[in-house]
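sequence below, structure please.
(2 chains)
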Amino acid sequence: MKDIIYRSHILICTGTGCTSSGAKKMRIALEDELAERNLNKEVKIIETGCHGFCEKGPIVVVYPEGVFYCEVKSEDIPELVEEHLLKGRIVERLLFKEPVTEENIPSYHDIQFYKKQERIVLSNCGKIDPENIDEYIALGGYEAVGKALSSMSQKDVIAEVKNSGLRGRGGGGFPTGLKWQFAHEAVSNKKYVICNADEGDPGAFMDRSLLEGDPHRVIEGMIIAGYAIGADEGYLYVRAEYPLAIKRLEKAISQAEDYGLLGDDLFSSGYNFKLHIKKGAGAFVCGEETALMASIEGKRGMPRPRPPYPANSGLWGKPTNINNVETYGNIPYIIKNGAEEYSKIGTENSKGTKVFALTGKINNTGLVEVPMGTTLREVIYDIGGGLGEGMKYKAVQTGGPSGGCITSEHLDLPIDYDSLLGVGAMMGSGGMVVMDDGTCMVDVARFFLNFTQSESCGKCTPCREGTKRMLEILERICEGEGEDGDIALLEDLAHHIKDTALCGLGQTAPNPVLSTLKYFRHEYEAHIFDHKCPAGVCKDLASAYLIDKETCVGCSICAKACPVDAITGTPKESYQIDDDICISCGVCASKCPVSAISQG
Amino acid sequence: MECCGGNKLTEKQEKYYAPLQKILARYEKKERYLIPVLQEAQEEYGYLPEEILTNIASSLDLSLSQVYGVVTFYTQFHQEPRGKNIVRVCMGTACHVRGGDKVLTAIKDELGIESGETTKDLNFTLETVACIGACGLAPVIMINDSTHGRLTPEKVPEILSEFK
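Numbers count the residues shown, from 1 in each chain, chains lettered A, B, ... in the order given. Coordinates of the predicted model:
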């Protein structure tokens, strides 16, 4: 049978973000509408992975024009089909509106959010059907593994990766090629490669999107790594909270097996490689490599001291290479285009691109990929569209619970591994949470400490006991019970834990505290000595809200919104808040249409 | 079929363990398969009661304490039955002041369980949480993924009845 040639392709994002905003329902509506109008032989629906612009989901792109529609609901479908597919007119109201200029942008490449990005790892995400291997192959997929197996020696591959300057994208930034070399040099009859997809930082979803949007890229990277170090077996450790990623990986692996891209004698080279998926069971510490391996072995996921490093003694005591999802995602590009081409991107010591999950008080939240060396200002203001109206930039938190805060004085810092460390933050896996002046930094530190404390595995004392004591102090400060000497005690504990904890989780747990102390010490002092929370977040320290009589228009919205009925007044005149009843929840201020309410 | 201790199983027990035997049959007797077996067993039985853990331990040639160690380490595993519907009652400041406590009491009375417990018919699990972040709608509860706000104790039976 001859394949139908369609005149139009509709790409629907079915990543986790768009699915939860109703993409599946919208897809069904679209199918029905196309069938009803007899367009199903002319227009094809394709489900893709994440476009990164989760804020605006569900996202639909119509080709060949490449028109980018956002927030498409099933109710919008009849109009979209009628106008765009039948009459050839763009549906203006569903286009993306630039937050600054308020201009409607039809094409995806012209949207500021995408313009400054350079997509290598995410190049296929949102473009191909992740459940169809042919689409990956059509865009050059599996060419790199073919090249490696048929024309490169193991040492050639390692040299190429070393020369590319690629560093681990999981956070540490260790040179990938060197890691491969160590595992290659280890002598053993059995070796393993592992992909760490146990992405657990609050506010990070880079790996999930890549696995859901382009699973074959990661698999290809792993096969190349396996060949380079001499491993014939690999594991993908994926957290159980990512069911869609697991489903797509399972499908991708079975397709690759059918095509002879996984299994025995790949590309007639005599090289064998098989791949398994291992589901996590809900433990953040399993993102640490030795804990992850313990978990694959069926044990409690607790880390062990290094050395020996996994390259010498890893899974079941065998030499093992373990890299992050995004690291493997870079490999096919490097092998296909060469180290020289790759190393043109980025800064002196950090090559290539980095994917960031941009969240918090920012207009365009989502997933972005930028060359190393891009400044924070470009990421936050050009790509992210800046902060919401009336919000003032305070800091961006990078690296999740292991990272730190970057203030406005460092906005022009080119982002790479070393520059971030230099200002007391870290690259981490790539979470970027933007905070405004309504964010209390002591509360942020408390939030992260609470997270690491509850995720501590309990094996070593500094982490198990130390983080608990730090959390108690922070809780006391947030409750207004802080004492003189608390800051010094926090710093003392922080340095001890950093120096003595067993694994990365413990050693980096104090970072959010140290970083906020470095840049926002005055906030800690205000909490302790003045009994005030400058951001008005800590409820026990918050001062009551006040309504400015002059500005108030007497609309009564605040009085209706107040959960404790603390606001009284006369409609069309003015309202006031009763201090004794007010619980400083801030609902009134957020609802006031004329910004007449502020904290006293 | 024989089980731990070599006692003969009754017909009822055999029926109970049959799905577990099916799961175990697909895996080799190796420690590395403990977590996948536990995951599948929990999917089958809804939680991991002691007799299931004992059975898994002997089938995989592991000690019960080893299995118990793994089960208690990972947050995914539950040793008590969980309800089909998870009710989360917000205990944040705004909800507290606006009668969250009374709503909680009404739910406890309606379901006949305390916070952290599950109803006998396994339909509901009741939990309290710090803040759902919907203070304007206080008092608030969440049932599975949907938020229900501006509650009074009187409204509780009606809302819960949708899930019965």
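
contacts, neighbours, all on C-alpha from now
Fine.

so which residue of the stretch 301-450 of chain A comes closest to chain B?
Proximity to chain B, evaluated over the stretch 301-450 of chain A using C-alpha to the nearest C-alpha, is greatest for A:Gly301 at 7.6 Å.

give me the element that residue is part of.
For A:Gly301, there is no host helix or strand (DSSP states H and E).

and for it, the neighbour number?
For A:Gly301, the count of nearby residues is 28 (other C-alpha atoms under 10 Å in any protein chain shown).

any part of the helix or strand of chain A with the lowest mean pLDDT near chain B?
Across the helices and strands of chain A, mean confidence by mean pLDDT, DSSP states H and E is lowest for helix A:16-20: a mean of 71. No - looking at helix A:16-20 against chain B by C-alpha under 8 Å from any C-alpha of the partner chain, there are no contacts, and the closest approach is 10.9 Å.

list the contacts for the closest residue to A:Cys588 other than its chain neighbours?
Excluding its sequence neighbours, the residue lying closest to A:Cys588 (C-alpha to C-alpha, 6 or more residues apart in numbering or on different chains) is A:Cys558, at 4.6 Å. Contact analysis of A:Cys558 by C-alpha atoms under 8 Å, 6 or more residues apart in numbering or on different chains lists A:Ile567, A:Val587, A:Cys588, A:Ala589, A:Lys591, A:Cys592.

which one of those residues has the most neighbours?
Within these, A:Cys588 tops the neighbour count with 26 neighbours, counted by other C-alpha under 10 Å.

next helix or strand past whichever strand or helix holds that one?
Per DSSP H and E, A:Cys588 falls inside helix A:587-591. Downstream of helix A:587-591, the first helix or strand assigned by DSSP H and E is strand A:597-599.

check which helices and strands that following strand sits against.
Counting contacts by 3 or more C-alpha pairs under 8 Å, 6 or more residues apart in numbering or on different chains; DSSP states H and E, strand A:597-599 is packed against strand A:545-547, helix A:587-591.

nearest to B:Ala57, out of the ones you listed?
Within the helices and strands packed on strand A:597-599, the stretch nearest B:Ala57 is helix A:587-591; the backing value is 53.2 Å (C-alpha to C-alpha).

residue contacts, the residue lying closest to A:Tyr63 once chain neighbours are set aside?
Leaving aside its sequence neighbours, A:Tyr63 sits nearest to A:His9 (C-alpha to C-alpha, 6+ apart; 5.1 Å). Neighbouring residues of A:His9 by C-alpha under 8 Å, 6+ apart: A:Val43, A:Lys44, A:Ile45, A:Ile46, A:Val62, A:Tyr63, A:Pro64.

now do the helix holding A:Cys588: which elements does it pack against?
The contact analysis (3+ C-alpha pairs under 8 Å, 6+ apart) places helix A:587-591 against helix A:557-561, strand A:597-599.

one more time with 10 Å
Counting contacts by 3 or more C-alpha pairs under 10 Å, 6 or more residues apart in numbering or on different chains; DSSP states H and E, helix A:587-591 is packed against strand A:545-547, helix A:557-561, strand A:597-599.

want to throw those into JSON lines with distance to A:Asn363 and mean pLDDT?
Output for the helices and strands packed on helix A:587-591, formatted as JSON lines (distance: least, C-alpha to C-alpha, whole Å; pLDDT from 0 to 100):
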{"stretch": "strand A:545-547", "distance to A:Asn363": "27", "mean pLDDT": "86"}
{"stretch": "helix A:557-561", "distance to A:Asn363": "25", "mean pLDDT": "89"}
{"stretch": "strand A:597-599", "distance to A:Asn363": "23", "mean pLDDT": "83"}
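
picking up where we left off before, mind checking what helix or strand follows the least confident helix or strand of chain A in sequence?
Using DSSP H and E, the helix or strand that directly follows helix A:16-20 along the chain is helix A:23-36.

any part of that following helix near chain B?
No - using C-alpha under 10 Å from any C-alpha of the partner chain, helix A:23-36 never reaches chain B; the gap is at least 17.2 Å.

tell me how far the helix or strand just after that helix is from the chain's mean position?
Next helix or strand after helix A:23-36 toward the C-terminus (DSSP H and E): strand A:43-48. Chain-centre distance of strand A:43-48: 26 Å, with C-alpha atoms, centre = their mean, to the nearest Å.

before we move on, the earlier item: figure out which of the helices and strands packed on helix A:587-591 is closest to B:Leu160.
Closest to B:Leu160 of the helices and strands packed on helix A:587-591, according to C-alpha to C-alpha: helix A:557-561, at 25.7 Å.

how about the CA coordinates for that closest one, as CSV?
Presented in CSV, the C-alpha positions along helix A:557-561 are these (Å, rounded to 0.1, in the frame of the first residue of the first chain):
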residue,chain,number,x,y,z
ILE,A,557,-12.9,42.8,47.1
CYS,A,558,-10.4,42.5,50.0
ALA,A,559,-13.1,42.2,52.6
LYS,A,560,-14.7,39.3,50.7
ALA,A,561,-11.3,37.7,50.2
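
mind listing what's buried in that helix?
Within helix A:557-561, the residues that count as buried by 16 or more other C-alpha atoms under 10 Å in any protein chain shown are A:Cys558, A:Ala559, A:Lys560, A:Ala561.

point out where chain A drops to low pLDDT.
Along chain A, the parts satisfying pLDDT under 70 run over A:1-2, A:20, A:202-203, A:600.

how is it carved up into domains?
According to automatic domain parsing, chain A comprises the domains A:8-115, A:139-342, A:353-436, A:441-529, A:545-599.

for B:Ile52, which of those domains is the nearest?
Nearest to B:Ile52 among these is domain A:139-342 (17.3 Å), distances taken as C-alpha to C-alpha.
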